[in-house]
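K.L.:
Next come a sequence and a model predicted from it.
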Amino acid sequence: MILQKNELKGGDAFEFMIGELQDEFWLDTSIYIIEEDFLRLHLDKLFESFIKDFNYYGPTTITQKQWVYLLDNYKNNNLFSKETEDILNEINKWAKEVFKTYSCFTICGL
């Protein structure tokens, strides 16, 4: 479900970019989730619930504090599923590495 750039087969995808929004997109250092999975796992609703000003169609900067808040509270949301938990854990592994050097990451919407 989490893809690297070279694994994308076309179609729309959300890019999780290290740090703040950069001038370039589709970076090799980013991770990607195709829109179909993003919607199927209700990640759109989770991010809208826990991240103020989440932008489905544009960039959203997420600080470590915001990310921890989402992780600490998402199970209380009625959209919780084991599969959603699995993908959030995958994103969290990546995010932990990002937060060692950067204060945020950016989700680039469609």
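P.N.:
In hand now; what should we look at?

K.L.:
residues of the longest helix along the chain that come out buried?
P.N.:
Taking DSSP state H as the criterion, the chain has its longest helix at helix 82-99. Buried positions in helix 82-99, judged by neighbour count with 16 or more other CB atoms under 10 Å: 84, 87-88, 91, 94-95, 98-99. For the C-beta atoms, the positions are set from N, CA and C on the backbone; glycine is no exception.

K.L.:
Same check on stretch 1-8?
P.N.:
Buried-residue list, stretch 1-8, by 16+ other CB under 10 Å: Ile2.

K.L.:
Now the terminal residues of that stretch, how far apart.
P.N.:
Across stretch 1-8, the terminal residues are separated by 11 Å (CA to CA, to the nearest Å).

K.L.:
wait, Tyr57 sits on Gly109?
P.N.:
Yes. With contacts counted by CB atoms under 8 Å, Tyr57 reaches Gly109, the gap being 4.9 Å.

K.L.:
Which of those two has more residues huddled nearby?
P.N.:
Neighbours around Tyr57 and Gly109, counted as other CB atoms under 10 Å, are more numerous at Gly109. The numbers are 18 against 7.

K.L.:
Backbone dihedrals for Gly31, please?
P.N.:
Just so we're on the same page, residue 31 is Ile rather than Gly. Dihedral pair for Ile31: phi -120, psi 160, per degrees, to the nearest 10.

K.L.:
now it: how far from Leu3?
P.N.:
Per CB to CB, to the nearest Å, Ile31 is found 7 Å from Leu3.

K.L.:
ok, now Gly19?
P.N.:
On the measure of CB to CB, Gly19 and Leu3 end up 20 Å apart.
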